[in-house]
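1. Fold the following, please.
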Amino acid sequence: MPLISVLGKAVASAAIANPEAAGKTLLVVLVALLFPLLVILAPFVLFLSVPLAAPPVTEMYVQGTQEVIDATVDSLWCDANTCPAPPGRDCPGCYPGPVSLDWRDVIVLDAVRRTQDFSHVGVDDVKDSAMRFLERTGTHFRKVKVGYRNVYDSEGRLVRTEPVYEMIPIPIYRVESLDGVMRILDFTQEQREWAHNMREGMR
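-> Below you'll find the predicted structure:
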């Protein structure tokens, strides 16, 4: 204890004699003590704050999600958060396709589900994860003109040409939010908070 007392008195007298130098010395000592702690904690903070996917994997999520979006060009869709219809029923306020889906929601979902292990993820896995955000709720039939046909009278003379229509099936999708998909997959509260934390870090 006498050594600590002597050091304390020396530091106090130095601080009184030259406060600026003492402040700089204290700052250097704090940095020297805290830097190793920062080096130790940084990977854990990074692990919890963003998906740890390499750039090629991130590009795969962008590509895979876009392929799912492109597949819904000829569709109708509604947002599950604003749709007045219950799940599994047609929504009266649908938008024309393609659906609106963010690749960042897909990669965050997988980062939590896979505990940041993207080593075995392929494009098909990404598309499967993206499809978790979509629920097909029904089919709408659209009348589409596909050509013309000639109409003849009983004597075989051309009377007129009239359009020919077909009823084309149009899928209807309900798009879930990240929260909705996590609820469907029974994420724990801790997993949901982790996902929200990561998603916030990607804004």
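
2. out of everything not next to it in sequence, what's closest to residue 146?
-> residue 166 (4.9 Å; Cβ to Cβ, 6 or more residues apart in numbering). Where you see a C-beta, it was placed from the backbone N, CA and C, and this is true even at glycine.

3. I meant to write residue 123 there.
-> Sequence neighbours aside, residue 64 is the residue nearest to residue 123 in space, at 4.8 Å (criterion: Cβ to Cβ, 6+ apart).

4. OK, contacts around that neighbour?
-> Contacts for residue 64 (Cβ atoms under 8 Å, 6 or more residues apart in numbering) come out as 103, 106, 123, 124, 125, 126, 127, 129, 130.

5. Then it would be within a helix, right?
-> Yes. Assigned with DSSP: H, G, I helix; E, B strand; the rest coil, residue 64 falls within a helix.

6. part of a helix, is residue 194?
-> Yes. According to three-state DSSP, residue 194 belongs to a helix.

7. wait, doesn't it sit right on residue 112?
-> Yes. Between residue 194 and residue 112 there is a contact under Cβ atoms under 8 Å: 5.6 Å.

8. the more surrounded of these two?
-> Between residue 194 and residue 112, counted using other Cβ atoms under 10 Å, residue 112 has the larger neighbour count: 24 against 20.

9. check which helix or strand covers the more buried one.
-> Assigned by DSSP states H and E, residue 112 belongs to helix 103-113.

10. Which two among the contacts of residue 64 are spaced furthest apart?
-> Farthest-apart pair in the contacts of residue 64 is 103 and 124; separation 15.3 Å (Cβ to Cβ).

11. Looking at those two, which has the bigger crowd around it?
-> Using other Cβ under 10 Å as the criterion, residue 103 and residue 124 rank with residue 103 on top: 21 against 10.
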